[in-house]
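A.B. asks: Here's my sequence, what's the structure:
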Amino acid sequence: MGSEGPSVITVHVTGFKKFHGVPENPTETIVSNLKGLMQKRGLPKGLVLGSCHILETAGQGAVASLYQILESAVDGSESNTSNSGKVIWLHFGVNSGARSFAIEHQAVNEATFRCPDELGWKPQKVPIIPSDGGISQTRETVLPVDKITKALAKMGYDVMPSEDAGRFVCNYVYYHSLRFAEQHGNKSLFVHVPLFLTIDEETQMQFAASLLEVLASL
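C.D. replies: Numbers count the residues shown, from 1 in each chain. Got it, this is the predicted structure:
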């Protein structure tokens, strides 16, 4: 009785569109193709792959759509799991200079964009959520980053934990997501991936699938 309830994890996934200097964002490909891959591969036991959305690579201009996605998915998951299941927000972003995957431990309450986002915004040392305090304020994921990283490394992936998600749109979205997750009893995780030139598309797709398996096992 109730054996399925608490053990069900619903994972909602986001990636990003292109942006300055990155005409083809690997995370758009990963997130767009993830459901198809998992249908072939088979979902881990106890895991439901929820919504998969591609976000505009923008800060303020994308927040409204981000919150619409977050809120609608939470509403849907509540009706499906009778509030007994867990919800994880999994965000993928690209670090064009990276050589490996990075599991991000935290986000900082600072928007300092090195270039304008896709809607032309280029903030400098602006708090993302002013009511949270200054730009040194951080929010941390409650998921076990080191454990997740070690599990993926054992599977053969070049992956490391990270304490710095940058100050661009990735950090901006992660900070909002962590805040939303805390308010709604969810969990949030951000993962940086390199370009496909550095780690090929097939390997990155398998990495995303493996990450879902690791999340299901927590």
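A.B. asks: Let me see the contact set for T57.
C.D. replies: With contact taken as CB atoms under 8 Å, 6 or more residues apart in numbering, T57 is in contact with F16, K17, K18, F19, N25, D117, E118, V169. Just so you know, the C-beta spots here come from the backbone N, C-alpha and C atoms, and that holds for glycine as well.
A.B. asks: Secondary structure added to these, as JSON lines?
C.D. replies: What follows is the contacts of T57, written out as JSON lines (DSSP: H, G, I helix; E, B strand; the rest coil):
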{"residue": "F16", "secondary structure": "strand"}
{"residue": "K17", "secondary structure": "coil"}
{"residue": "K18", "secondary structure": "coil"}
{"residue": "F19", "secondary structure": "strand"}
{"residue": "N25", "secondary structure": "coil"}
{"residue": "D117", "secondary structure": "coil"}
{"residue": "E118", "secondary structure": "coil"}
{"residue": "V169", "secondary structure": "helix"}
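A.B. asks: secondary structure class for L49?
C.D. replies: Assignment for L49 (three-state DSSP): strand.
A.B. asks: follow-up on the earlier one: of all the contacts of T57, which two lie farthest apart?
C.D. replies: Farthest-apart pair in the contacts of T57 is N25 and D117; separation 13.0 Å (CB to CB).
A.B. asks: who touches both of these two?
C.D. replies: Common neighbours of N25 and D117 (CB under 8 Å, 6+ apart) are F19, T57.
A.B. asks: tell me which residues of the host helix or strand of E213 are tucked away?
C.D. replies: Using DSSP states H and E, E213 sits within helix 201-217. Residues of helix 201-217 classed as buried: 203-216 (neighbour count, 16 or more other CB atoms under 10 Å).
A.B. asks: ok, the residue nearest the centre of the chain - contacts?
C.D. replies: Centroid-nearest residue in the chain: H91, 1.3 Å away (criterion: CA atoms, centre = their mean). H91 sits next to V13, T14, G15, C170, V173, Y174, S177, S188, L189, F190, V191 when contact means CB under 8 Å, 6+ apart.
A.B. asks: Contact partners for W89?
C.D. replies: Counting by CB under 8 Å, 6+ apart, W89 has contacts V11, H12, T14, L70, S177, F180, A181, N186, K187, S188, L189.
A.B. asks: My guess is the last one contacts V87. True?
C.D. replies: When you say that, I think you mean L189. No: in this structure, L189 is not within contact of V87 by CB atoms under 8 Å, at 11.7 Å.
A.B. asks: remind me which residues of the protein are low pLDDT?
C.D. replies: 1-6, 76-84 (pLDDT under 70).
A.B. asks: Look through it and tell me its longest helix.
C.D. replies: helix 60-81 (DSSP state H).
A.B. asks: quick one: contacts of it?
C.D. replies: Against helix 60-81 from outside (CB under 8 Å, 6+ apart): 5, 8, 10, 12, 14, 48, 50-51, 53, 55-56, 85, 87, 89, 117-119, 121, 169, 173, 176-177, 180, 184, 186.
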